[in-house]
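# Model the following, please.
(one chain, ligands or ions: 1)
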Amino acid sequence: MTASARPQTLWLGRWGFVLAATGSSVGLGNIWKFPYMTGEYGGGAFVLVYLLCIALIGVPIMMAEIAVGRRGRANPVEAVRRVARESGCRGLWSGLGWMSMICGFMILSFYVVVAGWSISYLWKALSGGLQAESVDGMAAIFAANNANPWNLGFWSTLVTIVTMLIVGKGVQAGIERSVRWMMPGLVVMLALMIGYAVVSADFSAGVHFLFDFNVGELTGEAVLAAMGHAFFTLSLAAGAIIAYGAYLPANQSIVRTTLTVAICDTLVALMAGLAIFPVIFANGMDPASGPGLIFMSLPLAFQAMPFGGVMEVVFFLMLTVAALTSSISMIEATVAWLNQSHGLTRRRAAWGVGIVLWVISTLAMLSFNVGAEWKLAGKHFFDWLDFLTSRLMMPLGGLGMALLTGFFLRRRAIREELAMPSWLFGLWQFAVRYVSPIAIVVVFLDALGWLGTGFDWRWLAAILVVGLAVETGLRKRASRADEAVG
Ligand code: TRP
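Numbers count the residues shown, from 1 in each chain. Here you go, the predicted model:
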């Protein structure tokens, strides 16, 4: 029996896909990674580039991925192969599916460690272990939590097991219910924390840090980091959205769902920034403290808040659930692939993948204690997993997806999936044909230092305007050809 002859599993109800995709995109990326990267890259200018990347690159590519997933109705490897073949392209394109699937697996290998921090902080919050006099005291708690590999390994193993249990059961049942209450809960918690920041911390310093920008301060590396993070936070280029798109019912709008997901994701990230930075500045903490940033700053705020003890428990619970709904999505591609293309049951596939994942994530976990000295070119294994995926594989995967859907797939096929008015389709096509590919290539070259120190962004604008003009001409011709045929 071919995979396409199988009965289709689809998301339940109108909100199923939106909930699942939001659950995938809202995660540690928004609450843990976005603030610490913003802190490391100096604030507003980074935030601005990040927002531009979401709007100009992330949103169009998310639409492309959902479209490919739904048209292919399979795991990323198989889905990309099918849509490419349908349009008469080479099977070579399935390499794109392969890379994204592997990328999702690699991300999960370090993601479970951070999710482990989150759940261990939930435990500490419950058992009263998060009390300290100062930032230094909180930093010491964070360091102690990392120092013991048995402790850290316990929590990341727990996350791995829970993730694989849910994925083994099938994502539909596992995800939809948890996201439905978790998302609103998370937003309410963040709103309360922002309220606290307004009243008792240095809110204006936080706002200035996040939103004042001086583009001159940006380095090529920071722009690449912002772009990579835009992919990460929207769960793009790592198989998750293609895999979920495969379960999207035919009558649901890809445009509307994409916009909903992207807006929720961005709001949660900005809210997290607004909740965190005022506390950081009020306590004289360095915003560039790195990956431990939220774990050192937020408990201080909770300590000083009315009902802080309860809030803290609720917050770390939400963070853990947000992390889990993302973890699940990262490994769905691989499990679906083993299930559909190799005939394993989902449960078997999940256990098999889980064991390999456990080995690799344990190596990543050791970067924080026993393996602190195991470095290659100055980076730990944990950092390498993050670096390779966010700075290399995801932008490359995004580039491939943009080119595939922009130039190689038949217009008819992709238009049918996207089902948007023709002016909007024109904009989308412009985005995936020119904006994303050019931006990705330029950002790469700039980060490598190949464009010299003073890349003039006006050049980029000029290239895009010329592209738009050429594109408009071509589109007129193409639609005339379509009319002639049909
Ligand atoms: N977007 C999630 C976050 O921000 C992480 C994530 C989930 C992800 N699935 C992904 C990242 C797939 C890349 C690819 O936490």
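# how about the residues of the stretch 151-300 of the chain near the ligand?
Proximity of the stretch 151-300 of the chain to the ligand is confined to F232, T233, S235, A238, A240 under the rule C-beta under 6 Å from any ligand atom. Every residue, glycine included, has its C-beta placed from N, CA and C.
# Among those residues, which one lies nearest to I276?
Top of the list for closeness to I276, among those and by C-beta to C-beta, is T233 at 15.6 Å.
# thinking the closest one is in contact with A269, fair?
Yes - counting by C-beta atoms under 8 Å, A269 is a contact partner of T233 at 6.4 Å.
# Need the overlap of contacts for the two.
Taking C-beta atoms under 8 Å, 6 or more residues apart in numbering as the contact rule, T233 and A269 both touch G29, N30, F34.
# so how far is F295 from the last one?
What it means is F34. 15 Å (C-beta to C-beta, to the nearest Å).
# and the closest residue to N214 other than its chain neighbours, what is it in contact with?
Nearest residue to N214, sequence neighbours excluded (C-beta to C-beta, 6 or more residues apart in numbering): A45, at 5.9 Å. Residues near A45 by C-beta under 8 Å, 6+ apart: F213, N214, V215, E217, L218, A222.
# any idea of the pLDDT on the closest residue in space to the first one that isn't next to it in sequence?
Read that as F213. Spatially, and ignoring its direct neighbours in sequence, F213 is nearest to G44 (3.4 Å; C-beta to C-beta, 6+ apart). Turning to G44, the model gives it a pLDDT of 94.
# and G44, what are its phi and psi?
Dihedral angles phi and psi of G44 (degrees, to the nearest 10) take the values phi -50, psi -50.
# Just give the nearest non-adjacent residue to F34, would you?
A269 (4.4 Å).
# what's the neighbour count on the one you found?
As a burial measure, A269 scores 25 neighbours (other C-beta atoms under 10 Å).
# could you dump stretch 47-55 to CSV, C-alpha only?
The C-alpha trace of stretch 47-55 is given here as CSV (Å, rounded to 0.1, in the frame of the first residue of the first chain):
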residue,chain,number,x,y,z
VAL,A,47,15.2,43.3,17.5
LEU,A,48,14.5,45.4,14.5
VAL,A,49,16.3,43.0,12.1
TYR,A,50,14.7,40.1,13.8
LEU,A,51,11.2,41.6,13.2
LEU,A,52,12.1,42.3,9.6
CYS,A,53,13.2,38.8,9.0
ILE,A,54,10.0,37.4,10.5
ALA,A,55,7.9,39.6,8.2
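# contact partners of it?
Here stretch 47-55 has contacts from 34, 38, 210-211, 213, 215, 218, 222-223, 226-227, 229-230, 233-234, 262, 265-266, 273, 439, using C-beta under 8 Å, 6+ apart.
# Let's see that with 6 Å instead.
T38, L210, F213, V223, A226, M227, A230, T266 (C-beta atoms under 6 Å, 6 or more residues apart in numbering).
# Tell me which residue in the stretch 1-150 of the chain sits closest to the ligand.
G29 (2.1 Å; C-beta to the nearest ligand atom).
# hmm, I was thinking of the stretch 201-350 of the chain
For the stretch 201-350 of the chain, C-beta to the nearest ligand atom, closest residue to the ligand: A238, 2.9 Å.
# Surely that residue touches M101?
No - using C-beta atoms under 6 Å, A238 is not in contact with M101; the gap is 7.9 Å.
# Between the two, tell me which one has more neighbours.
It is A238, of A238 and M101, that has more neighbours when counted by other C-beta under 10 Å, with 31 against 26.
# now that one, nearest residue through space, not along the chain?
Leaving aside its sequence neighbours, A238 sits nearest to G104 (C-beta to C-beta, 6+ apart; 3.9 Å).
# Count the residues that sit near the one you found.
G104: 27 neighbours (other C-beta under 10 Å).
# try G42
Neighbours of G42 using other C-beta under 10 Å come to 18.
# In three-state terms, how would it be classified?
coil (DSSP: H, G, I helix; E, B strand; the rest coil).
# Spatially, which residue comes closest to it, not counting chain neighbours?
E217 (5.8 Å).
# ok, how many other residues are close to that neighbour?
So E217, with other C-beta under 10 Å, has 13 neighbours.
# Ok, I102 next?
Neighbours of I102 (other C-beta under 10 Å): 18.
# From A272, how far out is it?
For I102, the distance to A272 - C-beta to C-beta - is 29 Å.
# ditto for G58
18 Å.
# still on that earlier bit, tell me how far the residue nearest to F34 lies from M37.
A269 is 10 Å from M37, by C-beta to C-beta.
# Same check on W123?
Counting by C-beta to C-beta - W123 and M37 are separated by 26 Å.
# Looking at the two, which one has more neighbours?
M37 (24 against 15).
# Give the phi and psi angles for the more buried one, as a check.
phi -70, psi -40.
# Please give the number of neighbouring residues around T9.
12.
# again with R82
21.
# just checking, what packs against the longest helix along the chain?
Counting residues, the longest helix found in the chain (DSSP state H) is helix 308-342. Identification of packing neighbours for helix 308-342 by 3 or more C-beta pairs under 6 Å, 6 or more residues apart in numbering; DSSP states H and E yields helix 16-25, helix 76-86, helix 94-126, helix 149-169, helix 171-200, helix 240-245, helix 293-304, helix 346-366.
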